[in-house]
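*Asks:* Provided below are the primary sequence and the corresponding predicted coordinates.
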Amino acid sequence: MARISKYTSDSTVQKTDKFIGSNSDGTTANFSVDDIARFFRETNFVGNPDQVTYKYVAGSQASGQLDAPSVTNFETTSTRTIRFSVYSHGNTLDTRADFLETFSGRTILLINVDDPNNFMVAKVTNIATSGDFKTFTFAVPETGKGSFISGKVYAFMLHPSSPGDITAVTSATTNQLTIANGTGPEPALTIVTGAIANSGTGLATADQIHTFVTGQTDTIAADTSGTAAKVTVTDSNANTAFPLVFHDESNALLDDTGIFEYNPNSGALTLPSANFDGVFFLGTVSADPVIRSTSNDQDIYIQTQTGGSIVNNLIISPTSISGTAIKDEDNMSSNSATHLATQQSIKAYVDSQILTKDNTDEITEGSSNLYFTNARADARITAALIDEDNMASNSATRLPSQQSVKAYVDSQILTKDNTDEITEGSTNLYFTNERVDDRVNALVTAGTGITSTYDDTAGTLTLATTIT
């Protein structure tokens with residue numbers, strides 16, 4: 001191996017860099033910076049003297065390990081027990097039994113040495129010893145994150161918030177208590193139990209503070225603006241909408257009459273609109289009631305709870321609606337009277353129902369609307385046809401047969417098919433010689449030197465002229 005001075009100096013140390021050294025068995029090996037750091041963390045080899053490290057292996061109990069946690073999740077709000085070896089991880093020779101007993105009644109921190117965000121802070125309520133193991137009972141964790149991870153090493157120590165012991169309480173003066181540390185210098189802390197003076201550094205009791213403040217405020221008279229020295233709170237069931245009063249954080253009370261009101265009789269809380277957690281709006285828009293999200297592209301969930309589980313009954317998104325209240329069954333087999341159906345399932349169901357019934361050939365004939373057949377048409381025509389040669393029924397709704405029409409017409413004109421068989425009327429007169437003679441005679445008019453003589457019996461018309 002070359003001298004160390006022959007190797008290039010590297011001022012940038014990374015966790016993947018390696019050292020050359022000897023194993024405990026004398027063999028030469030290289031060690032990464034990351035592995036060496038992990039060894040120091042997990043064994044607390046050069047770490048904090050006020051902490052102990054333990055490895056957790058699920059289902060395993062061994063020296064230097066913690067095991068058998070009754071609750072593995074640090075965030076679960078329940079008490080729990082954990083068993084610890086009196087020997088720390090990597091050191092099975094030096095017991096930590098007495099040191100562990102100092103944790104009794106104290107708040108501890110149990111933390112993953114590789115991931116500080118995997119931890120639990122809880123108070124120790126009991127310690128039971130069995131051989132080389134101590135079973136700790138913990139109250140509900142004050143805080144925590146994650147769960148035990150098998151194969152990881154956890155550091156066990158007092159939490160910085162854990163209170164110390166008060167080893168001495170002495171009486172300094174009349175009406176005062178002085179709290180002091182029995183082995184160190186006395187702190188400048190006194191609790192005054194007598195009258196309060198406007199001076200000194202003592203701490204007053206709650207009763208003294210109440211007496212002092214009450215005595216001061218009771219002597220303050222109400223001013224002209226209506227600010228009272230004190231407020232009296234009484235029960236009320238009046239059927240009146242009272243305005244709610246708010247504190248403006250500047251020692252003033254405000255109300256907004258007619259906007260935010262409460263009726264103690266009906267229990268009705270009236271407000272024009274509400275913005276819940278900055279994401280949900282309940283109110284009116286243009287006088288119409290509105291429920292909506294306050295941000296773009298936000299879904300609105302309508303949920304119920306059953307068996308401890310949340311059920312998304314209706315999810316309203318900007319482009320769709322879903323949830324357990326809506327069924328998407330193409331065959332609608334559940335036949336629900338309480339669920340909505342999707343557009344797609346309605347279309348699929350209707351299409352399947354009329355797939356083989358979209359023309360009259362596929363639809364069964366009913367009893368009222370009958371299909372057309374030649375036989376039915378013939379029968380209908382036959383029923384409407386009447387064959388009466390004399391048309392005696394004189395029907396206004398039935399059709400006469402050709403034969404009956406011919407027979408009736410023939411019978412009506414049989415003796416009236418020429419003028420000799422038709423009686424003369426009063427307007428259209430028949431031709432006769434007499435009528436012609438009379439008409440000609442009426443047309444001839446005598447003139448100068450001309451005379452006309454009509455002989456109706458003889459049927460002659462004589463014209464005579466006279467020449468002078």
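*Replies:* Ah, there it is.
*Asks:* Spell out which residues make up each domain of this structure.
*Replies:* Annotated domains of the chain cover 39-158, 168-206, 236-271, 274-322, 373-418, 431-468 [automatic domain parsing].
*Asks:* Dump those domains to JSON lines, plus mean neighbour count.
*Replies:* (Each C-beta comes from the backbone N, C-alpha and C, glycine too.) Supplementary listing: those in JSON lines, determined by neighbours: other Cβ atoms under 10 Å:
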{"stretch": "domain 39-158", "mean neighbour count": "16"}
{"stretch": "domain 168-206", "mean neighbour count": "12"}
{"stretch": "domain 236-271", "mean neighbour count": "11"}
{"stretch": "domain 274-322", "mean neighbour count": "11"}
{"stretch": "domain 373-418", "mean neighbour count": "11"}
{"stretch": "domain 431-468", "mean neighbour count": "10"}
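*Asks:* mind listing what Leu461 touches?
*Replies:* Leu461 makes contact with Asp437, Val440, Asn441, Val444, Ser452, Thr453, Tyr454, Asp455 under the criterion Cβ atoms under 8 Å, 6 or more residues apart in numbering.
*Asks:* out of those, which one sits closest to Thr284?
*Replies:* Proximity of the contacts of Leu461 to Thr284 was ranked by Cβ to Cβ; the top entry is Val440 with 107.4 Å.
*Asks:* Show me the strands in the stretch 351-468 of the chain, by range?
*Replies:* 385-386, 399-400, 450-455, 460-465 (DSSP state E, counting those that start in this stretch).
*Asks:* can you put these in TSV and add distance to Ala392?
*Replies:* Converted to TSV, the strands of the stretch 351-468 of the chain look like this (distance: least, Cβ to Cβ, whole Å):
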stretch	distance to Ala392
strand 385-386	10
strand 399-400	12
strand 450-455	55
strand 460-465	56
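*Asks:* among those, which is nearest Tyr262?
*Replies:* The closest of these to Tyr262 is strand 399-400. By Cβ to Cβ, the value is 85.5 Å.
*Asks:* List of residues touching the closest one?
*Replies:* Strand 399-400 has contacts (Cβ under 8 Å, 6+ apart) with Ile381, Ala384, Leu385, Ile386, Asp387, Glu388, Met391, Tyr408.
*Asks:* Likewise for stretch 414-431?
*Replies:* By Cβ under 8 Å, 6+ apart, stretch 414-431 touches Arg435.
*Asks:* Can I get that stretch in CSV? Just the C-alpha atoms.
*Replies:* The C-alpha trace of stretch 414-431 is given here as CSV (Å, rounded to 0.1, in the frame of the first residue of the first chain):
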residue,chain,number,x,y,z
LEU,A,414,-137.0,3.6,-68.1
THR,A,415,-140.1,5.6,-69.2
LYS,A,416,-138.5,8.9,-69.4
ASP,A,417,-135.7,8.4,-71.9
ASN,A,418,-137.3,10.7,-74.6
THR,A,419,-139.3,13.9,-74.7
ASP,A,420,-142.5,12.0,-75.5
GLU,A,421,-142.3,10.4,-72.0
ILE,A,422,-141.3,13.6,-70.1
THR,A,423,-144.0,16.0,-69.0
GLU,A,424,-143.6,19.5,-70.4
GLY,A,425,-142.7,22.1,-67.9
SER,A,426,-143.6,25.8,-67.7
THR,A,427,-140.2,27.1,-69.0
ASN,A,428,-138.7,24.7,-71.4
LEU,A,429,-141.7,24.1,-73.8
TYR,A,430,-141.8,21.6,-76.6
PHE,A,431,-142.0,22.6,-80.3
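*Asks:* Against Tyr349, how distant is Gln343?
*Replies:* Distance, Gln343 to Tyr349, by Cβ to Cβ, to the nearest Å: 11 Å.
*Asks:* Please say which of those two ends up with more neighbours.
*Replies:* Neighbour totals were compared for Gln343 and Tyr349, and Tyr349 leads with 16 against 8 (other Cβ atoms under 10 Å).
*Asks:* Can you point out the buried residues in the helix or strand hosting that one?
*Replies:* Applying DSSP states H and E as the criterion places Tyr349 in helix 343-354. Using 16 or more other Cβ atoms under 10 Å as the test for burial, helix 343-354 gives Ser345, Ala348, Tyr349.
*Asks:* Save the residues you listed as CSV, and put in pLDDT and distance to Pro243 too.
*Replies:* Shown next, in CSV, are the buried residues of helix 343-354 (pLDDT from 0 to 100; distance: Cβ to Cβ, whole Å):
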residue, pLDDT, distance to Pro243
Ser345, 91, 51
Ala348, 89, 56
Tyr349, 88, 55
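*Asks:* Export those residues as CSV, with columns for distance to Thr324.
*Replies:* Output for these, formatted as CSV (distance: Cβ to Cβ, whole Å):
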residue, distance to Thr324
Ser345, 15
Ala348, 20
Tyr349, 20
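*Asks:* Which of the contacts of strand 399-400 fall within helices?
*Replies:* When these are checked against helices (DSSP state H), the matches are Ile381, Ala384, Tyr408.
*Asks:* what's across from the closest residue to the first one other than its chain neighbours in the sheet?
*Replies:* Once its chain neighbours are removed from consideration, Ile381 has its nearest residue in Leu399; the separation is 8.0 Å (Cβ to Cβ, 6 or more residues apart in numbering). Under the criterion DSSP bridges, Leu399 forms beta bridges with Leu385.
*Asks:* ok, now Gln305?
*Replies:* Beta-bridge partners, per DSSP bridges, of Gln305: Ile310.
*Asks:* What separation do you get for it and Ser32?
*Replies:* In terms of Cβ to Cβ, Gln305 sits 52 Å off from Ser32.
*Asks:* Hmm, Leu443 and Ser452 touching each other?
*Replies:* No - taking contacts as Cβ atoms under 8 Å, Ser452 lies outside contact range of Leu443: 10.1 Å.
*Asks:* Start and end of stretch 133-144, how far apart?
*Replies:* Using Cα to Cα, to the nearest Å, the span of stretch 133-144 from its first residue to its last is 24 Å.
*Asks:* Quick check: which ranges of the stretch 151-300 of the chain have low pLDDT?
*Replies:* By pLDDT under 70, the weakly predicted segments of the stretch 151-300 of the chain are 161-203, 215-231, 248, 250-251, 253, 255-258, 271-281, 294.
*Asks:* same thing but at 50, please
*Replies:* Within the stretch 151-300 of the chain, the segments meeting pLDDT under 50 span 165-168, 181-186, 220-224.
*Asks:* ok, which stretches of the stretch 101-250 of the chain are helices?
*Replies:* Using DSSP state H, counting those that start in this stretch, the helices found in the stretch 101-250 of the chain span residues 206-217.
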